[in-house]
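K.L.:
Provided below for reference: sequence and predicted model.
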There are 2 protein chains.
Amino acid sequence: MTLTDLRYLVALARERHFGHAAERCNVSQPTLSVAIKKLEDELAVTLFERSAADVKITDIGARIVAQAERVLLEAGQIKELATAGRDPLSGPLKLGVIYTIGPYLLPHLIPRVHGAAPSMPLLIQENYTARLAESLKRGDLDVIVVALPFEEPGIVTQAVYDEPFRVLMPAGHAWEEDAAIPAARLAEAPLLLLGAGNCFRDQVLEVCPLCRGGEGLQRTLEGSSLETIRHMVATGAGITVLPSSAADPLPGGNSLLTVRPFEAPEPFRRIALAWRVTYPRSGAIDVIRAAILGSPLQGVRPVGR
Amino acid sequence: MTLTDLRYLVALARERHFGHAAERCNVSQPTLSVAIKKLEDELAVTLFERSAADVKITDIGARIVAQAERVLLEAGQIKELATAGRDPLSGPLKLGVIYTIGPYLLPHLIPRVHGAAPSMPLLIQENYTARLAESLKRGDLDVIVVALPFEEPGIVTQAVYDEPFRVLMPAGHAWEEDAAIPAARLAEAPLLLLGAGNCFRDQVLEVCPLCRGGEGLQRTLEGSSLETIRHMVATGAGITVLPSSAADPLPGGNSLLTVRPFEAPEPFRRIALAWRVTYPRSGAIDVIRAAILGSPLQGVRPVGR
DNA sequence: GGTAGGCAATAGTGATTCACTATACATCGT
DNA sequence: ACGATGTATAGTGAATCACTATTGCCTACC
């Protein structure tokens, strides 16, 4: 029993004439005749009473035809689903973003994606890189925004932008005098840091290897966020390092804080998109990338593909 | 897209492993692999993300699998319908009976059929032979009970029983003296007859060709029934001829009427079943025949097949 | 960092199925 | 009886299906 057979069946039930039904199905009369006979044999049921005068459907035949119509209808739905799903910009996209990017990127990203792909709702999760990687591999996420380096088997990455680091200090801080801060100087002040698991913490410590050893001068704030740290800096609890997208928008409305760039070579992080090599909706990824690059993230430098 | 393809599809969605899914479908891994690829090409959609680690279903894939399961479910219903419909004794049987048999046969027939085939309800229509023939050919009826001769293209008949005719007269009638009545004598009395269209009318007139010419001696009662004629005979309006199944049960409880057989050669009618040659439920016809023969129709003689 | 093992994809082949043309067969109406 | 109409059957070629054998790829292990 194939779907073609069922199509022949309902055609014959409608036309009540083998020749006409065959014509409607664009096949020869014997083809349809044989197919119907095969169906009857397979089901061990007489579906039609054939006579020279006309073709009559049996009771059981009528019931089976009705069921066949249902089958064909449902099968047609498959094609419709496929057509609707062929557009990579249709259907939800599960996006993961690390904690230190989400709050600064998403407010810009979401409306842009919605504008470019209105029928692609974003399902967003913020988390640590490691967790995002897990979810991505499991298939719980489709695309993630992380900082490089990021190497995982079966995962491909594409750099999107570089983002320089800034030093954030309370207004009136001694370093305010300097236009740029040397990285090594971080070891001299109480440095507020995110908890372990945040890749940004590690990147900051890489900028200033002395900090790791300089006992007591850096304070780790477990379960915290850059925003919390910023408030703490404002209260004079210490200084910190922020990515430019988080730091640069600040001075305007916040006179309690001062932002300074690092001295060259300016430390920075490279932000990238990552997805499974096998992920088929590359068009969706392009939209995400474009939306990120279209977002007004201060201080960032796009990375050519 | 075939139903087999869809079966492979849902198996793979369940197993998430080409080899296991193939095994479950009793085919080789390449077979399933190719089939899935063919489906994806046909639908122009990626249904699964394949990687060495595992097989992930895409969003659109999951929706299509759900739809495929619906299709397979409905297709399975076809087989169930066929299995249920394979029994010729299941499903309603549309039975037609001529007016001059119905009232005497059906009260016996119906319970017997119900006993022999409880899941075969009878849909009964009483009518003239010509109307029954029309309905039978159109397919509005499946089997009819008629008097022979009955010849129609595409229709086969099977004699079931012979039924002698009787003379019915009011009690005290002059002919009461005789044990048997010669057919020719019918022309001598006011003969009450059914209207045109009733085959029994014609058969009675054939018994006594003189009656047709003997003007005024026979009266035609249009739109009447044997029962009405019987009442009229009881009131002395004339005599009539009845089939034995209608006449023989009478004398017991009706002292106003007298029944006499004809002289040999006893006129009779041959009652038969008729159905389309193409009608597939021969088992149902056998049940009807057996039920008729099992009915206590007085005076009738079964006709061997 | 090389290698073995697991897994899906591909190649190549044979069997089955599908659909065609030509024709036979059945029935009905003239 | 014969022609018209309509379905079934025969016979053939093409397409599809499913198989075995093999390749290619990735991962994980040593």
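P.N.:
Here it is on my side, so go on.

K.L.:
Please count neighbours and contacts with C-alpha atoms only from this point.
P.N.:
OK.

K.L.:
Which positions within stretch A:180-188 qualify as buried?
P.N.:
Going by neighbour count (16 or more other CA atoms under 10 Å in any protein chain shown), the buried part of stretch A:180-188 is A:180, A:181, A:183, A:186, A:187.

K.L.:
Report the spatially nearest residue to the third one, omitting neighbours in sequence.
P.N.:
To tie it back to what came earlier, the one meant is residue A:183. Spatial nearest neighbour of residue A:183, excluding adjacent residues (CA to CA, 6 or more residues apart in numbering or on different chains): residue A:208 at 5.9 Å.

K.L.:
just to revisit the earlier point, which of the buried residues of stretch A:180-188 sits closest to DNA strand D?
P.N.:
Using CA to the nearest atom of the strand, residue A:183 comes nearest to DNA strand D of those, at 37.3 Å.

K.L.:
And chain B, is the longest strand anywhere in chain A touching that?
P.N.:
Across chain A, the strand with the greatest residue count (assigned by DSSP state E) is strand A:155-170. No: counting by CA under 8 Å from any CA of the partner chain, chain B is not contacted by strand A:155-170; separation bottoms out at 10.6 Å.

K.L.:
Distance from the chain centre to that strand, please.
P.N.:
Centre-to-centre, strand A:155-170 and its host chain are 20 Å apart (CA atoms, centre = their mean, to the nearest Å).

K.L.:
Identify the bridge partners of residue A:144.
P.N.:
Residue A:144 has these beta-bridge partners by DSSP bridges: residue A:96, residue A:274.

K.L.:
What parts of chain A come near chain B?
P.N.:
Applying CA under 8 Å from any CA, we find that chain A lies next to chain B at A:1-3, A:43-46, A:49-51, A:56, A:59-60, A:63-64, A:67-68, A:70-72, A:74-75, A:77-79, A:81-83, A:85-86, A:91, A:139, A:154, A:278-280.

K.L.:
Which of those residues are buried, as a PyMOL select command?
P.N.:
Buried residues within the residues of chain A next to chain B, by 16+ other CA under 10 Å, are selected in PyMOL with:
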select buried, chain A and resi 1+3+43+45+46+49+50+56+59+60+63+64+67+68+70+71+72+74+75+77+78+79+81+82+85+86+91+139+278+279+280
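
K.L.:
Now do the contacts for residue A:35.
P.N.:
Neighbouring residues of residue A:35 by CA atoms under 8 Å, 6 or more residues apart in numbering or on different chains: A:5, A:8.

K.L.:
Could you say whether it sits in a helix, a strand or coil?
P.N.:
helix (DSSP: H, G, I helix; E, B strand; the rest coil).

K.L.:
and it, how far is that from residue A:57?
P.N.:
Between residue A:35 and residue A:57 the distance is 16 Å, computed by CA to CA, to the nearest Å.

K.L.:
Quick check: the residue nearest to residue A:183 touching residue A:182?
P.N.:
No: using CA atoms under 8 Å, residue A:208 makes no contact with residue A:182, being 9.5 Å away.

K.L.:
any low-confidence regions in the stretch 101-250 of chain A?
P.N.:
A:212-218, A:223, A:250 (pLDDT under 70).

K.L.:
Show me the contact partners of stretch A:38-50.
P.N.:
Contacting residues not belonging to stretch A:38-50 are listed as A:1, A:5, A:55-62, B:79, B:82-83, B:85-86, B:278-280 [CA under 8 Å, 6+ apart].

K.L.:
Could you list which of those residues belong to helices?
P.N.:
A:5, A:59, A:60, A:61, A:62, B:79, B:82, B:83, B:85 (DSSP state H).

K.L.:
nearest to residue B:122, of those?
P.N.:
For the ones in helices among the contacts of stretch A:38-50, the closest approach to residue B:122 (CA to CA) belongs to residue A:59, at 13.7 Å.

K.L.:
list the contacts for the closest one?
P.N.:
Counting by CA under 8 Å, 6+ apart, the residues that residue A:59 touches are A:47, B:91.

K.L.:
ok, 10 Å please
P.N.:
Residues near residue A:59 by CA atoms under 10 Å, 6 or more residues apart in numbering or on different chains: A:46, A:47, A:48, A:65, B:85, B:91, B:92, B:93.
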